[in-house]
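# Sequence first, predicted coordinates after that:
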Amino acid sequence: MTGIAEAFSPTYARARAQFLEAAATAGLPIETHLHPLKGRDGEDLAMDVVLDGPPQADRLLIVSSACHGVEGYCGSGVQVYALRDAEWRAKARGAGVATLYIHALNPYGFSHLRRFTHENVDLNRNFQDFSRPLPVNEAYREVHPLLLPPHWPPGPENAAAVQEYIATRGEAAWQAAISRGQHEFPDGLFFGGTEPTWSNRTLRQVLRRHGAIASRIAWIDLHTGLGPSGHGERIYAGRDDDAAVARTRRWWGGNGATPVTSIYDGTSTSAFLTGLMWGAIYDECPHAEYTGIAMEYGTVPVLEVMDAIRAEQWLNLHPEAPAEQAARIKAQMLAAFYTDTPQWKGQIISQARQALFQAVDGLAG
């Protein structure tokens with residue numbers, strides 16, 4: 001078993017190498033889907049997929065990372081540790097559960113320290129039915145002019161307007177207006193796109209291939225950026241279905257010790273969202289009973305996270321920015337989604353292992 005700190009990596013290239021090395025050491029086949037672009041250091045980008053267990057398994061657990069690019073610094077560490085964790089692997093195999101690791105759903109964002117894809121799309125708002133009218137986020141329309149001023153840092157007038165919005169409507173309203181997703185401003189924040197992204201299409205291929213046989217599928221999608229530092233919130237990730245919510249809470253709730261929250265009843269730190277990635281499981285594996293969570297680890301306060309996203313998006317729109325300023329903004333972005341301390345990493349791995357074991361018990365029960 002690798003040490004906790006060693007499972008995490010300082011770059012996407014190193015994280016990918018560690019993931020592939022862990023899979024190879026375990027004797028597991030690797031399926032690679034190359035991304036059309038290169039990374040920030042010219043490295044190959046890919047969505048790498050590893051199945052630990054028999055392809056014909058009736059019970060399948062999906063563990064995915066980097067839906068939101070830069071959040072992969074955390075998620076990849078969990079996956080690498082799990083692949084080298086003999087006790088965990090024996091637990092899953094003994095219960096007849098195959099584990100499907102999907103490394104770097106959004107490798108471009110992972111490498112370039114972006115939350116969004118190379119299409120500037122929030123992958124977790126991109127799973128819409130694009131043949132139908134797309135949701136309209138009226139609140140985002142209102143705040144869009146405030147989010148990306150011509151110069152960064154924002155001037156006093158912009159800062160005062162933002163503070164006025166938060167003071168009068170509340171921090172939660174500011175977060176919801178921005179993060180709910182929107183399909184109107186391609187250069188804006190949390191853009192859901194107007195067609196499926198490369199990551200969307202590729203993930204669907206993976207789900208069709210590996211979920212074709214299983215009758216029960218669980219999914220843990222690893223995220224960061226919301227909640228208290230180091231705390232892993234288990235957020236229900238599925239349709240608004242009472243039976244599925246109840247099942248998810250039985251599996252991951254720990255009899256109240258590790259509660260499962262939901263965007264449907266207002267218990268989650270996340271705003272109500274649409275176009276979420278888990279929707280693909282219903283399309284590609286309609287035969288399976290599906291149960292899933294987003295594991296959301298806290299980093300810094302939400303207003304700091306929002307400011308980091310604003311700064312990084314401003315930089316994306318202003319590539320002429322001085323190198324020193326660009327480096328500061330990228331460092332701010334990384335710190336908003338990844339806390340590079342032994343204590344934080346220990347909290348991440350401990351809670352991830354608990355959630356993995358809970359998932360297997362649920363699938364096998």
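The structure has been received and is ready for your questions. Numbering: from 1, shown residues only.
# With adjacent residues omitted, what lies nearest to residue 80?
Distance criterion CB to CB, 6 or more residues apart in numbering; nearest residue to residue 80, sequence neighbours excluded, is residue 7 at 4.4 Å. Where you see a C-beta, it was placed from the backbone N, CA and C, and this is true even at glycine.
# Let me fix that, I meant to ask about residue 60.
The spatially closest residue to residue 60, leaving aside those adjacent along the chain, is residue 214, at 3.9 Å (CB to CB, 6+ apart).
# now do residue 236
Per CB to CB, 6+ apart, closest to residue 236 is residue 262, 4.3 Å.
# What is the neighbour count of the one you found?
By the criterion of other CB atoms under 10 Å, residue 262 has 19 neighbours.
# now the one 4 residues further on
Using other CB under 10 Å, the number of residues around residue 266 comes to 10.
# Now do the SS call for residue 49.
strand (DSSP: H, G, I helix; E, B strand; the rest coil).
# Let's verify residue 226: helix, strand, or coil?
Of the three states, residue 226 takes strand under three-state DSSP.
# doesn't residue 302 make contact with it?
Yes: with contact defined as CB atoms under 8 Å, residue 226 reaches residue 302; the gap is 6.4 Å.
# list the contacts for the residue nearest to residue 60?
Residues in contact with residue 214 (CB atoms under 8 Å, 6 or more residues apart in numbering) are 57, 58, 59, 60, 98, 285, 288.
# isn't there a strand covering it?
No: according to three-state DSSP, residue 214 belongs to no strand; its state is coil.
# between the contacts of residue 214, which has the most around it?
Busiest of those [other CB under 10 Å] is residue 60, holding 27 neighbours.
# Would you agree that one falls within a strand?
Yes: assigned with three-state DSSP, residue 60 falls within a strand.
# any idea how far it lies from residue 328?
43 Å (CB to CB, to the nearest Å).
# Tell me if I'm right that residue 43 and residue 14 touch.
No: using CB under 8 Å, residue 43 and residue 14 do not qualify as a contacting pair, with a distance of 9.7 Å.
# What residues of whatever helix or strand residue 168 lives in count as buried?
Element membership of residue 168 [criterion: DSSP states H and E] is helix 156-169. With burial defined by 16 or more other CB atoms under 10 Å, the residues of helix 156-169 counted as buried are 158, 162, 165.
# what packs against that helix?
On a contact count with 3 or more CB pairs under 8 Å, 6 or more residues apart in numbering; DSSP states H and E, helix 156-169 meets helix 138-147, helix 171-179.
# by how many degrees do it and helix 138-147 diverge?
In terms of direction (axes from the mean of the first three to the mean of the last three CA atoms, to 10 degrees), helix 156-169 departs from helix 138-147 by 150 degrees.
# Between helix 171-179 and helix 156-169, find me the angle.
Going by the same axes, to 10 degrees, helix 156-169 makes 120 degrees with helix 171-179.
# residues in contact with helix 156-169?
With CB under 8 Å, 6+ apart, helix 156-169 has contacts from 143, 146, 149, 154, 173, 174, 303.
# Mind putting those residues into CSV with pLDDT and neighbour count?
Shown next, in CSV, are the contacts of helix 156-169 (pLDDT from 0 to 100; neighbours: other CB atoms under 10 Å):
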residue, pLDDT, neighbour count
143, 97, 19
146, 97, 18
149, 96, 17
154, 97, 20
173, 95, 15
174, 95, 21
303, 94, 13
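# Make TSV out of those and add distance to residue 198.
Below are those laid out as TSV (distance: CB to CB, whole Å):
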residue	distance to residue 198
143	28
146	30
149	30
154	32
173	33
174	31
303	31
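# The residues you listed: which two are farthest apart?
Spanning the widest gap among these are 149 and 173, at 20.3 Å by CB to CB.
# Low-confidence regions, the stretch 1-150 of the chain specifically.
Counting by pLDDT under 70, the stretch 1-150 of the chain contains low-confidence residues at 1-2.
# Spell out the residue ranges of the strands in it.
All strands of the stretch 1-150 of the chain, identified by DSSP state E, counting those that start in this stretch, fall at 30-38, 44-52, 59-64, 97-103.
# For residue 231, which of those strands is the nearest?
Per CB to CB, nearest to residue 231 of these: strand 59-64, 19.3 Å.
# and the direction of that closest one versus that of strand 44-52, what angle?
Strand 59-64 and strand 44-52 are oriented at 160 degrees to each other (the same axes, to 10 degrees).
# Residues contacting strand 59-64, please?
With CB under 8 Å, 6+ apart as the test, strand 59-64 has contacts from 75, 78-79, 82, 92, 95-102, 105, 210-211, 214-222, 288, 292, 356, 359-360, 363-364.
# Please tell me how far residue 172 sits from residue 226.
Taking CB to CB, one finds residue 172 at 12 Å from residue 226.
# Turn the strands of the stretch 1-150 of the chain into CSV, including distance to residue 135.
Output for those, formatted as CSV (distance: least, CB to CB, whole Å):
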stretch, distance to residue 135
strand 30-38, 28
strand 44-52, 26
strand 59-64, 24
strand 97-103, 26
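# Tell me which of the ones you listed sits nearest to residue 315.
strand 30-38 (17.6 Å).
# for the closest one, which positions count as buried?
Judged by neighbour count (16+ other CB under 10 Å), strand 30-38 contains these buried residues: 31, 33, 35.
# Could you do stretch 248-255 as well?
248, 249, 250, 251, 252.
# what about residue 204, distance to residue 197?
Distance, residue 204 to residue 197, by CB to CB: 11 Å.
# ugh, wrong one, residue 42
22 Å.
# between these two, who's got more neighbours?
residue 197 (22 against 8).
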